[in-house]
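J.: 3D model of this:
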Amino acid sequence: MAVEQVAIFGAGTMGAGIAQVAVTHGCTVRLIDTQPGAVERARESVGARLQRQVDRGAMSAEEHAAVLGRLVDGSIDDLAGVELVVEAVIEDLEAKQALFAQLDAAAPADAVLATNTSSLAVGELASPLRNPARVGGVRLFNPAAVVGRGVVVAAEATSDAAADLVAETASAWGKVPARTADAPGFIVNRVARSSYVEAFRMLDEGVGGPDTIDGAMRKLGQFRMGPMQVADLVGLEVNYAVTVSVFERSGEPTRFEPPAAQARLVEQGQLGRKTGSGVYDYGSDPPGENAGGEASPLALAPELSDAVDAFVEAAALCDPEELAQASAAERYAFARMLGSVLNEAARALGDGAASGEDIDAAMQHATNYPRGPVTWGQEVGYATLARLLAALEAARGDGSYEPAPLIAEAGG
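T.: Just a heads-up that it's a prediction; the model follows:
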């Protein structure tokens, strides 16, 4: 069932992006924001992006005018006829709950209310409502007009009808929806979280500088960007807040413990590209290293060294010559980051957060992973992964590398 009337709360980058997707696919969107001028700025940015399509010949001037004409300034006091409300305000539990409490009274009784939260519990956001069954999650990714994947979240109270409408709307908007339970971090922010934690941990440990750690993922794993590059791009404070949320909602497991190196940069106001410095210094081209100290000599126990080598030989996607040239620090960094990601993907699969196909698709389409982590882990071999995790845990000893049950069974 395709919707025609949509209201979007929050005219920031994400809200404007979702609005562009919706109007491009024929919906009339009432964009609402409490900040003066925010809606007009969003409308101008959407218009500019659509104009680039006109300039490329992908859209006519008449189509541009018609599409932009469907994006209007709205008000919470005028939601009559709205079929779907999408919330894209600040990632703060109290702020979102307050908005949903208002929407409970202001939105039509049969309208579905959807949150674009990246890490907060959908069920908790819906708790103030008289009818939480009409609340679900629709997680689109930035840039929303480009990324072809979305995640649909059904909380325990979410009705099948509400979840289906959100999924069908995402499909109508050109997104392939992956379905997930209302679990901490959902799919993408849960599975990718370990790569950020491990990268910043290794920065503090002196395993290498940002170029070495991020470079290991680019070189050996064929990732487009390393974890710390991604964190700088989205904003270190945003990435850190998601880590804190996933850590707390998951029961504070050590594998998700927010890293001190990232916290220091946030406290110093070095938030990445937006401030000119973060992990990297953006005052030069290409950016130089800004965080981390001197690298320490890498001394691994024989069992850990052998386990790293076995994992890297099985998991690396680069050509043999490039693999042979990789330093010991690059191999170790790659094994820690990717091994932790593959472990979390297997954990998410095992606890029923989502299907293997949805986990793989979400990670490949939403975060540009070169391979789906469930399939990647199975190809590496759970026995090989179990051996790596056991050796890493023996070295650290705090539970960070406890294997997912599916992997533990394979490791004997």
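
J.: make sure Ala199 is indeed in a helix.
T.: Yes. Counting by DSSP: H, G, I helix; E, B strand; the rest coil, Ala199 is part of a helix.

J.: how many neighbours does the nearest residue to it once chain neighbours are set aside have?
T.: Among residues not flanking Ala199 along the chain, Pro227 sits closest, at 4.2 Å (CB to CB, 6 or more residues apart in numbering). C-beta coordinates here come from the backbone N, C-alpha and C atoms, glycine included. Residues near Pro227, counting by other CB atoms under 10 Å, number 25.

J.: Ala348 too?
T.: Ala348: 26 neighbours (other CB under 10 Å).

J.: what's near enough to touch Val374?
T.: Ala345, Ala346, Leu349, Gly356, Ile359, Asp360 (CB atoms under 8 Å, 6 or more residues apart in numbering).

J.: wait, Val112
T.: Contacts of Val112 by CB under 8 Å, 6+ apart are Glu83, Leu84, Val85, Arg134, Val135, Gly136, Ala162, Leu165, Val166.

J.: which of those residues are buried, as a PyMOL select command?
T.: Filtering the contacts of Val112 down to the buried ones (16 or more other CB atoms under 10 Å) takes a single PyMOL command:
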select buried, resi 83+84+85+134+135+136+162+165+166
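
J.: dump the C-alpha coordinates for the longest helix along the chain into CSV.
T.: For the chain, the helix with the greatest residue count under DSSP state H is helix 328-350. The C-alpha trace of helix 328-350 is given here as CSV (Å, rounded to 0.1, in the frame of the first residue of the first chain):
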residue,chain,number,x,y,z
ALA,A,328,52.8,-7.2,10.9
ALA,A,329,50.9,-4.2,12.4
GLU,A,330,48.6,-4.0,9.4
ARG,A,331,47.9,-7.8,9.5
TYR,A,332,47.2,-7.6,13.2
ALA,A,333,45.0,-4.5,13.0
PHE,A,334,43.0,-6.0,10.1
ALA,A,335,42.5,-9.3,12.1
ARG,A,336,41.3,-7.5,15.2
MET,A,337,38.8,-5.2,13.4
LEU,A,338,37.4,-7.6,10.8
GLY,A,339,37.5,-10.6,13.2
SER,A,340,35.4,-8.6,15.7
VAL,A,341,32.9,-7.5,13.0
LEU,A,342,32.5,-11.1,11.7
ASN,A,343,32.0,-12.3,15.3
GLU,A,344,29.2,-9.7,15.9
ALA,A,345,27.5,-10.6,12.6
ALA,A,346,27.4,-14.2,13.7
ARG,A,347,26.1,-13.2,17.1
ALA,A,348,23.3,-11.1,15.4
LEU,A,349,22.4,-14.0,13.2
GLY,A,350,22.4,-16.5,16.1
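
J.: surely the residue nearest to Ala199 touches Tyr196?
T.: Yes. Applying CB atoms under 8 Å as the test, Pro227 and Tyr196 come out as touching, 4.8 Å apart.

J.: ok, then the element right after the longest helix of the chain?
T.: helix 356-367 (DSSP states H and E).

J.: which strands or helices does that next one pack on?
T.: Judged by 3 or more CB pairs under 8 Å, 6 or more residues apart in numbering; DSSP states H and E, the packing partners of helix 356-367 are strand 149-154, strand 176-181, helix 188-191, helix 328-350, helix 373-380.

J.: now do the contacts for Val85.
T.: Counted by CB under 8 Å, 6+ apart, Val85 has contacts Val6, Ala7, Ile8, Phe9, Leu79, Leu103, Ala107, Ala111, Val112, Leu113, Ala114.

J.: and the longest helix of the chain, average pLDDT?
T.: The average pLDDT for helix 328-350 rounds to 97.

J.: who does it touch, helix- and strand-wise?
T.: Going by 3+ CB pairs under 8 Å, 6+ apart, helix 328-350 lies up against helix 188-191, helix 193-205, helix 210-221, helix 302-315, helix 356-367, helix 373-380, helix 382-396, helix 405-411.

J.: okay, angle between the third one and helix 302-315 too, please.
T.: Translated: helix 210-221. Counting by axes from the mean of the first three to the mean of the last three CA atoms, to 10 degrees, helix 210-221 points 50 degrees away from the direction of helix 302-315.

J.: over to the second one?
T.: In terms of direction (the same axes, to 10 degrees), helix 193-205 departs from helix 302-315 by 130 degrees.

J.: in helix 193-205, what counts as buried?
T.: Neighbour-count burial for helix 193-205 [16+ other CB under 10 Å]: Arg193, Ser194, Ser195, Tyr196, Val197, Glu198, Ala199, Phe200, Arg201, Met202, Leu203.

J.: run through who's touching stretch 94-103.
T.: For stretch 94-103, contacts defined as CB under 8 Å, 6+ apart pick out 9, 76, 79, 85, 87, 89-90, 113, 115, 117, 120, 124-129, 135.

J.: please apply the same query to stretch 383-390.
T.: 307-308, 310-311, 314, 335, 339, 342-343, 346, 377, 401-403, 407-408, 410-412.

J.: before we move on, what about stretch 61-76?
T.: 7, 9, 19-20, 23-24, 26-32, 39-40, 43, 46-47, 50-51, 53-54, 59, 102-103, 106.
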